[in-house]
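> quick one, what's the 3D model for this:
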Amino acid sequence: MAREDLPFVMQVERQAYEFPWTEGIFRDCLRVGYCCRVLEDEGRLVGHGIMAVAAGECHLLNICVHPRYQRRGLGRRMLSHLLDVARHGQAKIALLEVRRSNKAAYALYYGLGFNEIGLRKNYYPTRHGREDALVLACDL
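Next comes the predicted model:
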């Protein structure tokens, strides 16, 4: 991901999430050197992933695929790539949060070896309040 990708990243982010990240958050992730990747299909940006790697851990912060491109294995491809980068960076464990209601994402993570290790109460915004996040981890 490069700074010039951000308008396209924001289009995907807004299509995929009711409560999208801001462009400023993405700029900050690039500025501090997080692993920021984009996913293209036939030259079109259709997804992105953001991950922090430090102190033997990686934290998957954002994995997003445009709704029209979901259920094609692209999220799995992005996640697998990020986990490979984390292993190369000497991470021993991967961590992430997922909305309790996001059954498709949970199934993807579980299928790649993630297990539930905790709960963050009221972590995500919703239209009518807050939703819990499940904390998942995977040994690398």
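> from what I can see G49 touches M78, true?
Yes. Counting by Cβ atoms under 8 Å, G49 sits close enough to M78 to count as a contact (4.6 Å). From N, CA and C alone the C-beta is placed, and that goes for glycine too.
> quickly list what's touching both of the two.
Taking Cβ atoms under 8 Å, 6 or more residues apart in numbering as the contact rule, G49 and M78 both touch 37, 39, 63.
> now do the same contact list for Q90.
G56.
> roughly how far apart are it and L82?
The gap separating Q90 from L82 is 15 Å, by Cβ to Cβ, to the nearest Å.
> helices or strands up against the longest helix seen in the chain?
Within the chain, and with DSSP state H defining each element, the longest helix by residue count is helix 74-88. Using 3 or more Cβ pairs under 8 Å, 6 or more residues apart in numbering; DSSP states H and E, the elements in contact with helix 74-88 are strand 35-41, strand 44-54, strand 57-65, helix 103-111.
> could I get these as TSV with mean pLDDT?
Conversion of these to TSV gives the following (pLDDT from 0 to 100):
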stretch	mean pLDDT
strand 35-41	96
strand 44-54	97
strand 57-65	97
helix 103-111	94
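> of those, which is nearest A16?
strand 57-65 (4.9 Å; Cβ to Cβ).
> any idea of the angle the closest one forms with helix 103-111?
140 degrees (axes from the mean of the first three to the mean of the last three Cα atoms, to 10 degrees).
> I'm done for today, thanks for sticking with me.
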